[in-house]
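1. Fold the following and give me the result.
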Amino acid sequence: MNILQKEIKKMLIENGASLVGFANINGITMQFEQDLTCGISIAVALKPDIINQISKCPTLDYYREYKRVNNLLAHLGKLTAIFLRNRGFKALDLEPTNERGYYVNLSTHLPHKTVATRAGLGWIGKTALLITEKYGSAIRLTSVLTDVIFDTGTPIEKSNCGSCMICVNECPGIAATGQNWNVHMRREDFFDAYRCSDTALERAKLIGVTTTICGKCIVVCPWTKKYIRRAEGV
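-> From the prediction side, this is the model:
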């Protein structure tokens, strides 16, 4: 990791990031300037005590935490982009995915999860969440694209979920097929984002929220459970 990367990572961690990774994204998207060949993946963990409360249904605390983390991610993205531009580099901070599923096909030109897997931060689980060893799926993501040539992480190209089917079986929307992800798969091959979104809308009504928010697959994930137990000192 070069000096500039160390400075960026230190700045982000000091300002609230939980994980930071650097990815080679050359050639994987045509929607941005072609010299933006590196992606900085920024993850912020959701508070474990709040995640631990949503096993039956989402809560208002979870909704507020979701929004807090998204706002923090937007700030961290802007902070990083300004940091790079002030040093003469190009930088584009992408908006964190919000709870409304505001994209036409519930996807983006360059998903934050793609940048994260290419940075080596984690893999895609059976309900299409990024799963990390340290925080499980209890994280939110954003990305910054730049023309800086960084030392990049080793991409993760297949799932580490194995035969685990807990999130599949617990999904209220029955949105996952149970197949393990690999980098060659399309999301719709193993996960129905529309069923997930429709169910999340219905579950959000239980707490008087008119957006898409659920979190069931986050809290039941064994990797998330490890994060919660570690936070509790168990």
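
2. Which phi and psi values does the residue nearest the centre of the chain adopt?
-> Note on the chain: the residue nearest the mean C-alpha position is Leu141, at 3.8 Å, using Cα atoms, centre = their mean. In this entry, Leu141 is assigned phi and psi values of phi -130, psi 150 (degrees, to the nearest 10).

3. how many neighbours does the closest residue to it other than its chain neighbours have?
-> If you skip the residues right next to it in sequence, Leu141 has His112 as its closest partner in space, 3.8 Å away by Cβ to Cβ, 6 or more residues apart in numbering. Bear in mind the C-beta positions are built from the backbone N, C-alpha and C, glycine included. Here the number of neighbours of His112 (other Cβ atoms under 10 Å) works out to 22.

4. switch to numbering from 153
-> I'll keep to 153 as the first residue from here, and by that count the last item is His264.

5. Name all residues that make contact with His264.
-> For His264, the contact set (Cβ atoms under 8 Å, 6 or more residues apart in numbering) comprises 193, 246, 248-249, 282, 293-295.

6. Please apply the same query to Asn176.
-> 189-191, 270, 304, 307.

7. give me the low-pLDDT residue ranges for the chain?
-> Low-confidence segments of the chain (pLDDT under 70): 181-185, 250-260, 386.

8. Recalculate using a threshold of 90.
-> Per-residue confidence of the chain (counting by pLDDT under 90) places the weak regions at 153, 178-187, 247-262, 362-363, 385-386.

9. Show me the helices in it, by range?
-> Taking DSSP state H as the criterion, the chain contains helices spanning 155-166, 200-203, 212-237, 264-270, 318-322, 345-356, 368-372, 374-383.

10. Using a markdown table, please lay out these together with distance to Asn332.
-> As requested, the helices of the chain are exported to a markdown table (distance: least, Cβ to Cβ, whole Å):
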| stretch | distance to Asn332 |
| --- | --- |
| helix 155-166 | 30 |
| helix 200-203 | 24 |
| helix 212-237 | 27 |
| helix 264-270 | 14 |
| helix 318-322 | 11 |
| helix 345-356 | 18 |
| helix 368-372 | 15 |
| helix 374-383 | 14 |
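
11. neighbouring contacts of stretch 329-339?
-> Defining contact as Cβ under 8 Å, 6+ apart, one finds that stretch 329-339 is touched by 259, 269, 275-278, 280, 307, 309-311, 313-314, 317, 320, 341-343, 345.
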